[in-house]
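Colleague: Give me a 3D structure for the following:
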Amino acid sequence: MRPQRLDLHYSINWQGDWHVGSGYESAATDRLVRRMPHNGQPFVPGSQIKGLLRHQCERLATSLQAAVVDPHAGNPENDRRLVEGFVPLANSELVIDRLFGTRYQGECLFVTNALSDSEEGSAALQTRARTAMDRVTRTVKEGNLFTTQLADRSFSLQGSLRARHPAGVLTQEDEGFPYEYALLVASLLTLNAFGGDKSVGLGQCSIKLTRDIRWNRETITLPDALRSLEEEEWHEMMQLVREEEPA
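Modeller: Residues are numbered from 1 along each chain as shown. This is a model prediction of the structure:
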């Protein structure tokens, strides 16, 4: 076995207005879009993309009947499983831990900020006013008119991610494309929204790869990368995982 490397480059293509908040306000606007300090262009932080990507990987892994454990403490059962999962990645039965890394062995997945390649900064920003709703009475709350800064769909953003794994960590059949990487690619391409107010239709998007998938410095096609997620292949992978579990 050899160390594993994966490089993905992609674009976020918006289907409408979007708001990734900065946490700041101005005299005229209650919620400002997060923007780069040097050119004022809105962007999506890599940390937010990584968080949503992990959640999507967990959802897909769960649908494929793989074990998933919430990485945050919360209840006795989950805390017990977190302690049990505090092992070297090569010994872990958790697909998501092997893919993203853990506190035991460190991070394995690195995600850049998604940035615009446009020369324009604030020209495509607008402000929209909204009211807050009382969920009980389903009426407008008094004194709760607020304004939100939005970026429009013209801001196509470019991002990338790198996966770096030691030898023996990922699950492979005959040195083929790792199953964990297949899960990662599928999850990235099925992300469909970022930012706040998604419940009212903001932040809807699609993600497309902008370069060839680079695996161990070789090019691999998208169909080949996703082939291991087919039902038969996935069950074979899960069998390999079970066989590698520590006694």
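Colleague: neighbours around the nearest residue to Val68 once chain neighbours are set aside, how many?
Modeller: When the adjacent residues along the chain are set aside, Val68 lies closest to Glu58, with 4.8 Å between them (Cβ to Cβ, 6 or more residues apart in numbering). All C-beta spots, glycine's among them, are computed from the backbone N, C-alpha and C. Applying other Cβ atoms under 10 Å, we find 20 residues neighbouring Glu58.
Colleague: now Val87
Modeller: Neighbours of Val87 using other Cβ under 10 Å come to 16.
Colleague: isn't it right next to Leu94, touching?
Modeller: No - Val87 is beyond contact range of Leu94, at 9.4 Å (criterion: Cβ atoms under 8 Å).
Colleague: model confidence over stretch 151-165, on average?
Modeller: The average pLDDT within stretch 151-165 is 90.
Colleague: contacting residues around the nearest residue to Gly201 once chain neighbours are set aside?
Modeller: Once its chain neighbours are removed from consideration, Gly201 has its nearest residue in Gly16; the separation is 6.5 Å (Cβ to Cβ, 6+ apart). Gly16 is in contact with Arg153, Gly201, Leu202, Gly203, Gln204, counting by Cβ atoms under 8 Å, 6 or more residues apart in numbering.
Colleague: any idea how far Gly176 is from Gly16?
Modeller: Distance, Gly16 to Gly176, using Cβ to Cβ, to the nearest Å: 39 Å.
Colleague: Can you pull the phi/psi pair for the residue nearest to Pro88 when sequence neighbours are not counted?
Modeller: What sits nearest to Pro88 in space, not counting adjacent residues and going by Cβ to Cβ, 6+ apart, is Gln105, at 6.1 Å. Here is the backbone geometry of Gln105 (degrees, to the nearest 10): phi -120, psi -10.
Colleague: quick one, longest helix in the chain?
Modeller: In the chain, assigned by DSSP state H, the helix with the most residues is helix 46-63.
Colleague: which residue lies farthest from the center of this structure?
Modeller: Centroid-distance maximum for the chain: Glu142 at 36.7 Å, with Cα atoms, centre = their mean.
Colleague: send the alpha carbons of the host helix or strand of it over as CSV?
Modeller: Element membership of Glu142 [criterion: DSSP states H and E] is strand 139-151. Coordinates of the C-alpha atoms in strand 139-151 are reproduced here as CSV (Å, rounded to 0.1, in the frame of the first residue of the first chain):
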residue,chain,number,x,y,z
THR,A,139,-48.0,36.3,12.1
VAL,A,140,-45.4,39.0,11.7
LYS,A,141,-43.4,39.9,14.8
GLU,A,142,-43.7,43.6,15.6
GLY,A,143,-40.4,45.6,15.6
ASN,A,144,-38.6,42.8,13.7
LEU,A,145,-38.0,44.3,10.2
PHE,A,146,-34.4,43.7,9.2
THR,A,147,-32.3,44.0,6.1
THR,A,148,-29.9,41.5,4.6
GLN,A,149,-27.1,42.1,2.1
LEU,A,150,-27.1,39.6,-0.8
ALA,A,151,-24.8,38.6,-3.6
